[in-house]
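1. next one to model:
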Amino acid sequence: MKRVLAALILILAAGMAQGQAAHGIQWTWAAPTSGATPASYNLYQAAGACPASGLPTGAIQIAGTVVASYQQTPLPSGVTCTYVTAVSAVGVEGPPSNTFQFDTTPPGAPTGLSGKKY
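-> Just a heads-up that it's a prediction; the model follows:
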């Protein structure tokens, strides 16, 4: 009976771990307070830490949106640096926002697992 119960607990635990909802990042920003009214926004992202000043090298556009938010799923892997620009109705891209660093590096594997019959 204990073996059956232990097996059932393991099966349920594995099923719950696999059934976890996907995680993402909800990016939000404020519209510019000067210049032309934005028609859209471009979101850029680069792998690695944000530089102390300036923009990250190797950034690629990950999204274009007409609202001041974006939901990124799935989570990017590791450390990323992200910024956004506003785009006018005629396609002129404004200066970049501040940069934001996000770290999705997973924890390492647990160690020292042991068990004892009781």
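2. where does the chain have low pLDDT?
-> 1-22 (pLDDT under 70).
3. and with 90 instead?
-> Across the chain, the stretches falling below the confidence threshold (pLDDT under 90) are 1-23, 75-77, 106.
4. all helices of it, in order?
-> If DSSP state H is used as the criterion, the helices of the chain fall at 2-18.
5. contacting residues around P95?
-> Applying Cβ atoms under 8 Å, 6 or more residues apart in numbering to P95 gives the contacts T85. For the C-beta atoms, the positions are set from N, CA and C on the backbone; glycine is no exception.
6. give me the distance between it and G112.
-> Noted for P95: a distance of 51 Å to G112, by Cβ to Cβ, to the nearest Å.
7. which residues in this structure form strands?
-> Listed from the start of the chain, the chain has strands (DSSP state E) covering 25-28, 40-47, 60-65, 69-72, 79-87, 93-96, 100-103.
8. tabulate these (CSV), appending distance to Y118.
-> CSV is the format used below for these (distance: least, Cβ to Cβ, whole Å):
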stretch, distance to Y118
strand 25-28, 44
strand 40-47, 48
strand 60-65, 51
strand 69-72, 46
strand 79-87, 43
strand 93-96, 60
strand 100-103, 40
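9. now A36. Nearest residue, chain neighbours left out?
-> For A36, the nearest residue in space outside its immediate sequence neighbours is S88; the separation is 4.4 Å by Cβ to Cβ, 6 or more residues apart in numbering.
10. hang on, that neighbour packs against N42?
-> No. Because the distance of 11.8 Å does not satisfy Cβ atoms under 8 Å, S88 is recorded as not touching N42.
11. so these two - more neighbours on which side?
-> More neighbours sit around N42 than around the other of S88 and N42, counting by other Cβ atoms under 10 Å; the figures are 17 against 14.
12. any idea how far the closest residue to the more buried one other than its chain neighbours is from K117?
-> On the basis of Cβ to Cβ, 6+ apart, the spatially nearest residue to N42 that is not a chain neighbour turns out to be T85, at 5.0 Å. Separation of T85 from K117 (Cβ to Cβ) stands at 62 Å.
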